[in-house]
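1. Quick one: sequence and predicted model below, then my questions.
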Amino acid sequence: MYSKKAVSDSFSRFSSTYDDYAEAQAMAASLLGEFIKDSIGETPCGPVLEIGCGTGFVTREIFRLFPDRTFLITDIAAKMAEICREHLAALDINCDNALFASYDGESNWPENRFSMVFSGFTFQWFTNFEKSLLSLYRSLVPGGILAFSFQSEGSFSEWEEACNRLDIPFTANQLPSIDEVSKFFSGFGIKSTVLTKFIPVNYRSSADFFRAIKRIGAGTMNREDHLSPALMKKLIKGWDEMAGKNLTVTYMAGLFFIKK
């Protein structure tokens, strides 16, 4: 299991290169933004909370939906929250009604506080997934909205297939299951609207794919079976030979919309 500090340090370290490599994350943010716009309807009064703002891919969409709300925009990496504000300002989005701060999304949030909580591709980093989701749901005022996406189990199928064919361990981080999250909410009598989206991203090579993971800060592993340099070299060479000139990696995203 990785430490929260390791995750925070990694995303802070690579915050300046995040946008250059975060193609899948940008696509997922667009999907979540459209999902929220299509589902939102009326929301009660109150502040809006974002968990894991990154550089602001989802933030800018929600600011435009709620120009008159008060926002608490958070990320576990302080540098990310700073860059998010800078990016919104560069887009002439008024941030006077927002506080940008470093918070752990798994904090104990006050109950009945927020009119909306949203998050894009962050919850897969939670160490106590179900407890944290319930805390965020309870932080909503009656009628409030919880809308989020996360990278889910089933991602990186091409990587896994290459490993299987080459007899190399598949060492991607374990990811939460969309079905399990849906069942979790159902178990508490919480109704959710769920979408499953596949996000294919093309890379010049498998080395470029692994480089992109690192350059967005997502290289922290939650398992101990790292590949040796020799096995990594074998994987890169073999995967590239299988893929030819068009190496595609598929990210699987779960999108949830819940009204309290």
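-> On my side now, so go ahead.
2. Wait, a strand at residue 220?
-> No. Per DSSP: H, G, I helix; E, B strand; the rest coil, residue 220 lies outside any strand segment and is coil.
3. Which element, helix or strand, includes residue 209?
-> Following DSSP states H and E, one finds residue 209 within helix 206-215.
4. Mean confidence (pLDDT) on that helix, please.
-> Per-residue pLDDT values across helix 206-215 average out to 95.
5. quick one: buried residues of it?
-> By neighbour count on 16 or more other Cβ atoms under 10 Å, the buried set for helix 206-215 is 206, 207, 208, 209, 210, 211, 212, 213, 215. No exception for glycine: its C-beta is placed from N, CA and C like everyone else's.
6. farthest pair in those residues?
-> Checked with Cβ to Cβ, those reach their widest spread between 206 and 215, with 14.7 Å between them.
7. Provide a list of residues in contact with residue 239.
-> 158, 159, 162, 166, 206, 247 (Cβ atoms under 8 Å, 6 or more residues apart in numbering).
8. Tell me which of the residues you listed fall in helices.
-> Counting by DSSP state H, those place 158, 159, 162, 166, 206 in helices.
9. In PyMOL, select just the buried ones from those residues.
-> Entered in PyMOL, the line below selects the buried ones among the ones in helices among the contacts of residue 239, by 16+ other Cβ under 10 Å:
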select buried, resi 158+159+162+206
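10. Distance to residue 61 for the ones in helices among the contacts of residue 239 - can I get that in a markdown table?
-> Formatted as a markdown table, those follow (distance: Cβ to Cβ, whole Å):
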| residue | distance to residue 61 |
| --- | --- |
| 158 | 29 |
| 159 | 29 |
| 162 | 34 |
| 166 | 40 |
| 206 | 32 |
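11. Between the ones in helices among the contacts of residue 239, which sits nearest residue 238?
-> residue 166 (4.5 Å).
12. wait, isn't that closest one in contact with residue 234?
-> Yes. The pair residue 166 / residue 234 is scored as a contact, 6.4 Å apart, by Cβ atoms under 8 Å.
13. Check whether the nearest residue to residue 112 once chain neighbours are set aside sits in a helix, strand or coil.
-> In this structure, residue 112 finds its nearest non-sequential neighbour in residue 141, 5.3 Å apart by Cβ to Cβ, 6 or more residues apart in numbering. Of the three states, residue 141 takes strand according to three-state DSSP.
14. where's residue 141 relative to residue 54, distance?
-> 26 Å (Cβ to Cβ, to the nearest Å).
15. more crowded one of those two?
-> residue 54 (29 against 18; other Cβ atoms under 10 Å).
16. roughly how far is the helix holding residue 209 from the heart of the chain?
-> Put simply, helix 206-215 sits 17 Å off its chain's centre (Cα atoms, centre = their mean, to the nearest Å).
17. do the same with stretch 56-63
-> For stretch 56-63, the separation from the chain centroid amounts to 13 Å (computed by Cα atoms, centre = their mean).
18. model confidence over that stretch, on average?
-> Mean pLDDT, stretch 56-63: 95.
19. List of residues touching it?
-> So stretch 56-63 is contacted by 22, 25-26, 29-30, 32-33, 36-37, 48, 50, 53, 71, 73, 83-85, 87-88, 91, 93, 95, 98, 116, 118-120 (Cβ under 8 Å, 6+ apart).
20. In the chain, which helix is the longest?
-> Max-length helix for the chain by DSSP H is helix 23-39.
21. so what does the helix or strand just after it touch, helix or strand wise?
-> Toward the C-terminus, helix 23-39 is succeeded by strand 48-50 as the next helix or strand (DSSP H and E). Judged by 3 or more Cβ pairs under 8 Å, 6 or more residues apart in numbering; DSSP states H and E, strand 48-50 is in contact with helix 59-65, strand 71-75, strand 114-120.
22. Note down every partner strand of the second one and its orientation.
-> Yep, that's strand 71-75 we're talking about. Within its sheet, strand 71-75 is paired with strand 48-50 (parallel), strand 98-102 (parallel), according to DSSP bridges.
23. Cool, thanks, talk later.
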